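Colleague: here is my input; please provide its structure:
(chains A and B)
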There are 2 protein chains.
Amino acid sequence: MLIREERIPCRIARDILDTVDRGTNFLVTSHVRGDGDSYGSQLALRAFLLSMGKNCRVINSTPVPESYKFLQGASEIETASIITGSFDATFVLDSPCLPRLGFDSLDIPSMGTLINIDHHLGNSRFADYMLVDTSISSTCELIYELLNCWSWKGDSEVGLCMYTGLMTDTGNLCFKSVSARTFQIAYELVASGVDHYRLYNDVYRASSRRRLALMGEMLRDFSVSDDLRVGWFVFGRELLDRHGATGSEVHGLISQMMTMKSLDLAAVFVQDGEDTVLEFRSSEAYDASRIANHFGGGGHRNASGSCLRGDALEVAGEVMGHVLVSLEKYAITGGGGIFQAAAC
Amino acid sequence: MLIREERIPCRIARDILDTVDRGTNFLVTSHVRGDGDSYGSQLALRAFLLSMGKNCRVINSTPVPESYKFLQGASEIETASIITGSFDATFVLDSPCLPRLGFDSLDIPSMGTLINIDHHLGNSRFADYMLVDTSISSTCELIYELLNCWSWKGDSEVGLCMYTGLMTDTGNLCFKSVSARTFQIAYELVASGVDHYRLYNDVYRASSRRRLALMGEMLRDFSVSDDLRVGWFVFGRELLDRHGATGSEVHGLISQMMTMKSLDLAAVFVQDGEDTVLEFRSSEAYDASRIANHFGGGGHRNASGSCLRGDALEVAGEVMGHVLVSLEKYAITGGGGIFQAAAC
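Modeller: Okay, the predicted model is just below:
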């Protein structure tokens, strides 16, 4: 099992397990506006902690969307703007820095030992123990390797949690971050009883008529630069109102825009209350993470985001003004460090 | 390697290999309006035949679309309305019956020994040797098992051909037909050097602005039955003309409609010259293959199609009139034979 030892440094795996052994009360948390990888990794880790006889609370700053409520333990995830309670240790998953959690404020001492398990760029090195690998497909893949290191096998419901992150964070095993080992893990999970078809029905066949209509508006009308390399679309207040929709309903639609062959960069701007949520996707030619950094956000090299105060149409004008003029500043020229300066 | 022996009956594998050993000139063909599975399986088999020192022509009745031209050997695929030449044996791949090939006529004696390798319902048992398994994800999965039986390993370009069918025929390993073994094969292919990211860029990131705009029209405007279980859309002459598009450009967009959670059946009607191409997708509740059968077509239980002469709007009216009234006739009640009466 060399592959595991190479991927998860033994010392870190042992240190984290020691922390678990010594403690009683644990907190597990992840980024605001969660996704398959954040929920999957939190709930798999929760299952492990419970199996060890520990107390474990999972607290997020935004509620679990309908499409992930099928995951075992999802109903136990608490939503709060501030974390209350005192913990021996806190697992911060799928997040490169504490502001990404989205809480109004954090009482760090009450969180105990901080353990960060993540695969995003821009890690601010805030934790006592860090298991961070930006070359790995998903936090769920890291959790799978870690639980393997500890020789713990959950049941197929725990497997489904990890499988969910593995698939949703990779465009179903499509992205460049997917390695042969990622496929092997998917195989091991399905062979051990994970019902992969359930994920398909619960996550991929989960659109409302309204969400599809909004995707239709975007695909019909998105703007493209003269050289066909940059596409963008604004889900402004008027459009969302016309469909009776909120900003949270269009999260992730940008992926469909990015299927346009010539695009090197896609941007979507979504009015969300008084804020505008920015989403970016890029080809291998540009670093979407650095573009998001410029606007106070972060993420991965080819998928990133941010959130700015203001009207979506105005924010889009400002951001696209910068992006279209300065695009070459964000060109990927090869190499590149694993850790970038944190900008969140 | 028990799994292989169980999946591919040894006798059939040996009979087919004997036929290859004895012959010199081979024809490989597949269904009209090919897809990733038909091109992938044909080109992988072609590579094997060439490696055995055989002559091999691949002839299809419709041309290879741009998005599959990256497959090794794709430029050697001939397009013709009639097959000319004489062959020791003909491999009919990914097709349950000869009319599905789409040729104007066939001179059966000149095709030599007929070998059918397929996973579709409705097989008409036309071949001398049949390797047909409707429980398997893709014809490429069958080809992989067969080449494995013969202990032949192609290079990573051949692997990419098989990987392409494996992924495109399963909605990227999402559909119910995907088994643990399918995942294992995907792992084996990627571990042996298949560049899975290339498939993503060449097939999934291959949309034109126009195709996305047409997807947008469909998603914005498709009709839904009162009970929200049936959705349908017509790509009529006027709509296609307005976008300067031909019917072939909207093939497969129906999958996106089917992501609507409540849908049990989706139907799309596409004007293609004087014909209307019908596409159906269904949930586990209905048998889309039998609906297509009713209109002279065929396919899989949850993905099927047909082609009728006439105006798309009129054909849609007639077909949906039948479907909406008679839907329960096509309900899946459990069980069901592997082979259905051929209707193509």
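
Colleague: from now on I want contacts and neighbour counts done on CA atoms only, so please keep to that.
Modeller: OK.

Colleague: helix or strand for the residue of chain A found nearest chain B, which one?
Modeller: In chain A, the residue that lies nearest chain B is residue A:216 (3.6 Å; Cα to the nearest Cα). Assigned by DSSP states H and E, residue A:216 falls within helix A:209-221.

Colleague: mean confidence score for that helix?
Modeller: Mean pLDDT, helix A:209-221: 98.

Colleague: for that helix, packing partners?
Modeller: Applying 3 or more Cα pairs under 8 Å, 6 or more residues apart in numbering or on different chains; DSSP states H and E, one finds that helix A:209-221 contacts helix A:254-257, helix B:209-221.

Colleague: which of the residues in that helix are buried?
Modeller: Buried residues in helix A:209-221, counted by 16 or more other Cα atoms under 10 Å in any protein chain shown: A:209-221.

Colleague: where do the helices sit along the stretch 1-150 of chain A?
Modeller: Taking DSSP state H, counting those that start in this stretch, the helices of the stretch 1-150 of chain A run over residues A:2-7, A:10-22, A:36-51, A:139-149.

Colleague: ignore what I typed, I meant the stretch 201-344 of chain A.
Modeller: For the stretch 201-344 of chain A, the helices defined by DSSP H, counting those that start in this stretch cover A:209-221, A:237-242, A:254-257, A:288-294, A:312-326.

Colleague: mind putting those helices in CSV, distance to residue A:281 included?
Modeller: Converted to CSV, the helices of the stretch 201-344 of chain A look like this (distance: least, Cα to Cα, whole Å):
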stretch, distance to residue A:281
helix A:209-221, 15
helix A:237-242, 22
helix A:254-257, 7
helix A:288-294, 6
helix A:312-326, 13
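
Colleague: looking at those, which is closest to residue B:68?
Modeller: Nearest to residue B:68 among the helices of the stretch 201-344 of chain A is helix A:254-257 (19.7 Å), distances taken as Cα to Cα.

Colleague: what helices or strands is that closest one leaning on?
Modeller: helix A:209-221, strand A:265-272, strand A:275-282.

Colleague: between the ones you listed, which one is nearest to residue A:169?
Modeller: Comparing the helices and strands packed on helix A:254-257 against residue A:169 with Cα to Cα, the closest turns out to be strand A:275-282 (13.0 Å).

Colleague: quick one: strands adjacent to the closest one?
Modeller: strand A:265-272 (antiparallel), strand A:303-309 (antiparallel) (DSSP bridges).

Colleague: which positions within the shortest one qualify as buried?
Modeller: Yep, that's strand A:303-309 we're talking about. For strand A:303-309, burial by neighbour count (16+ other Cα under 10 Å) applies to A:303, A:304, A:305, A:306, A:307, A:308.

Colleague: what residues are up against residue A:143?
Modeller: Residues in contact with residue A:143, defined by Cα atoms under 8 Å, 6 or more residues apart in numbering or on different chains, are A:41, A:44, A:45, A:117, A:162.

Colleague: roughly how far does it sit from residue A:120?
Modeller: 14 Å (Cα to Cα, to the nearest Å).

Colleague: got the helices and strands packed on helix A:209-221 as JSON lines, with distance to residue A:104 columns?
Modeller: Below are these laid out as JSON lines (distance: least, Cα to Cα, whole Å):
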{"stretch": "helix A:254-257", "distance to residue A:104": "28"}
{"stretch": "helix B:209-221", "distance to residue A:104": "38"}
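
Colleague: closest one to residue B:61 among those?
Modeller: helix B:209-221 (23.4 Å).

Colleague: specify the beta-bridge partners of residue A:117.
Modeller: Counting by DSSP bridges, residue A:117 forms beta bridges with residue A:93, residue A:131.

Colleague: would you mind measuring from it to residue A:135?
Modeller: 13 Å.

Colleague: quick check on the two: which one has the bigger neighbour count.
Modeller: Applying other Cα atoms under 10 Å in any protein chain shown to residue A:117 and residue A:135 shows that residue A:117 carries more neighbours, namely 25 against 14.

Colleague: returning to that earlier point: show me what contacts the residue lying closest to the residue of chain A closest to chain B once chain neighbours are set aside?
Modeller: Among residues not flanking residue A:216 along the chain, residue B:216 sits closest, at 3.6 Å (Cα to Cα, 6 or more residues apart in numbering or on different chains). Going by Cα under 8 Å, 6+ apart, residue B:216 touches A:213, A:215, A:216, A:217, A:218, A:219, A:220.

Colleague: rewinding a little: out of the helices and strands packed on helix A:209-221, the one nearest residue B:178 is which?
Modeller: Comparing these by Cα to Cα, helix A:254-257 comes nearest, at 23.8 Å.

Colleague: just the residues contacting the closest one, thanks.
Modeller: The contact list for helix A:254-257, computed with Cα under 8 Å, 6+ apart, reads A:218, A:219, A:231, A:266, A:267, A:268, A:279, A:280, A:281, B:212.

Colleague: centre of the chain to it, how far?
Modeller: Taking the mean of its C-alpha atoms, helix A:254-257 sits 16 Å from the chain's own mean (Cα atoms, centre = their mean, to the nearest Å).

Colleague: so where's chain A uncertain?
Modeller: Along chain A, the model assigns pLDDT under 70 to residues A:1-6, A:334-344.

Colleague: what about it, which residue is the most distant from its middle?
Modeller: residue A:226 (31.8 Å; Cα atoms, centre = their mean).

Colleague: how near is the residue lying closest to residue A:245 once chain neighbours are set aside to residue B:176?
Modeller: Excluding its sequence neighbours, the residue lying closest to residue A:245 (Cα to Cα, 6+ apart) is residue A:210, at 7.5 Å. Note on residue A:210: its distance to residue B:176, by Cα to Cα, is 27 Å.

Colleague: count of neighbours near residue A:92?
Modeller: Neighbourhood size, residue A:92 [other Cα under 10 Å]: 24.

Colleague: again with residue A:65
Modeller: Neighbours of residue A:65 using other Cα under 10 Å come to 13.

Colleague: with the one 10 residues further on instead?
Modeller: One way to gauge burial is a neighbour count; for residue A:75, by other Cα under 10 Å, it gives 11.

Colleague: also residue A:246?
Modeller: Neighbours around residue A:246, by other Cα under 10 Å: 15.

Colleague: so which residues on the stretch 101-250 of chain A come close to chain B?
Modeller: Proximity of the stretch 101-250 of chain A to chain B, by Cα under 8 Å from any Cα of the partner chain, involves residues A:172-176, A:179-181, A:183-184, A:186-188, A:190-191, A:196-197, A:200-201, A:204-209, A:212-221.

Colleague: show me what contacts the closest residue in space to residue A:54 that isn't next to it in sequence?
Modeller: Closest residue to residue A:54 apart from its sequence neighbours, by Cα to Cα, 6+ apart: residue A:24 at 5.2 Å. Residues near residue A:24 by Cα under 8 Å, 6+ apart: A:54, A:55, A:88.

Colleague: OK, contacts around the first one?
Modeller: Translated: residue A:54. Neighbouring residues of residue A:54 by Cα under 8 Å, 6+ apart: A:23, A:24, A:25, A:26.

Colleague: coming back round to it: against residue A:324, how distant is the residue farthest from the centre of chain A?
Modeller: 10 Å.

Colleague: likewise for residue A:151?
Modeller: Distance, residue A:151 to residue A:324, by Cα to Cα: 50 Å.
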